[in-house]
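1. Okay, sequence plus prediction incoming.
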Amino acid sequence: MNFRNIRISAAIIALVYIAIQSFQWYVFDQFTTPSSAAEELQQGNHPLHLVRSSLMLGAMFGLMYIRYVICSLAAVSYRFWATLAFICYFVFFMLEVLLRSTELFYTQIQLPKLALKTNANELQAIVDKFQTLQSIQSALYFPLILAGTCSYAILFFLFPAGKQKINRLIKFVLGVDLLRSVWRLSSDYFGVQWLQGNFYDQIYLPLVVITFGSISIWLLKVKDERLA
């Protein structure tokens, strides 16, 4: 497979990711906010949530492929920095797969099954495990987001718009990704109150559509400088 076909396949995967994220948005919209941890535990075992989590887990491998293609294009002129950006994103990818696998196979499948077989006294112990895992997940998202932030920041400077005007598109995407990551770090971990609230959740899907739609267009339009 030549690299042009690799770019096209990555562009298609970016569009598929938009569809998966749209489905996830739809699933979340079908459920009311759980009133307790026990209700949230059982809600996660719903078939729609299981499909959602399975798709999102698989999507992480697609995102890794897209990032590989982007870093490969950057490596033509900046091999060291592109490699570093890829390593940072690989850390992001590994943590994301670890967290999503734990969520799907343990908190959404195994724990709800155990909860159905236990009495009221034992149920609280299972709910406690569920809440502990949520706390661990939240803590692990800090290095995950930080690794992604480093990757976005490095790549932002590796696509000069002077070489190809279409690079303005990928710089826009990387800039948005960088701002999103800083927003999440600031609101979730550094306690910046004016960035907290549900506004980020409301704009999450539109940002996914804009950024991954732009990535798809860029991958189809950018010239492979290795052929120049």
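-> Everything's here; your move.
2. Which secondary structure elements does the one helix or strand Arg100 maps to sit against?
-> Using DSSP states H and E, the element containing Arg100 is helix 79-102. Judged by 3 or more C-beta pairs under 8 Å, 6 or more residues apart in numbering; DSSP states H and E, helix 79-102 is in contact with helix 47-74, helix 120-156. C-beta here means a position set from N, CA and C on the backbone, and glycine is covered the same way.
3. Could you tell me the angle between the last one and helix 79-102?
-> Which is helix 120-156. Angle, helix 120-156 to helix 79-102, by axes from the mean of the first three to the mean of the last three C-alpha atoms, to 10 degrees: 160 degrees.
4. Going by contacts, tell me the helices and strands next to helix 120-156.
-> helix 37-43, helix 47-74, helix 79-102, helix 111-117, helix 167-188.
5. hang on, the earlier thing: now the helix holding Arg100 - C-alpha only, CSV.
-> Output in CSV follows, covering the C-alpha atoms of helix 79-102 (Å, rounded to 0.1, in the frame of the first residue of the first chain):
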residue,chain,number,x,y,z
ARG,A,79,12.1,13.4,12.3
PHE,A,80,13.2,13.8,16.0
TRP,A,81,10.2,16.1,17.0
ALA,A,82,7.7,14.0,15.0
THR,A,83,9.0,10.9,16.8
LEU,A,84,8.7,12.6,20.2
ALA,A,85,5.1,13.7,19.4
PHE,A,86,4.3,10.1,18.4
ILE,A,87,5.7,8.7,21.6
CYS,A,88,3.7,11.2,23.6
TYR,A,89,0.5,10.2,21.8
PHE,A,90,1.4,6.5,22.3
VAL,A,91,1.4,7.1,26.0
PHE,A,92,-2.0,8.8,25.6
PHE,A,93,-3.2,5.8,23.6
MET,A,94,-2.0,3.1,26.0
LEU,A,95,-3.6,4.9,29.0
GLU,A,96,-6.8,5.4,27.0
VAL,A,97,-7.0,1.7,26.0
LEU,A,98,-6.3,0.6,29.6
LEU,A,99,-9.0,2.8,31.0
ARG,A,100,-11.6,2.0,28.4
SER,A,101,-10.9,-1.8,28.7
THR,A,102,-11.3,-1.6,32.4
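6. before we move on, back to that, which among the helices and strands packed on helix 120-156 is found nearest to Phe28?
-> Smallest distance to Phe28 across those (C-beta to C-beta): 8.1 Å, for helix 47-74.
7. What is the burial count for Thr107?
-> 20 (other C-beta atoms under 10 Å).
8. Look up how far Leu155 lies from it.
-> Noted for Thr107: a distance of 33 Å to Leu155, by C-beta to C-beta, to the nearest Å.
9. Also Leu219?
-> As judged by C-beta to C-beta, Leu219 and Leu155 stand 14 Å apart.
10. So between the two, which is more surrounded?
-> Using other C-beta under 10 Å as the criterion, Leu219 and Leu155 rank with Leu155 on top: 28 against 24.
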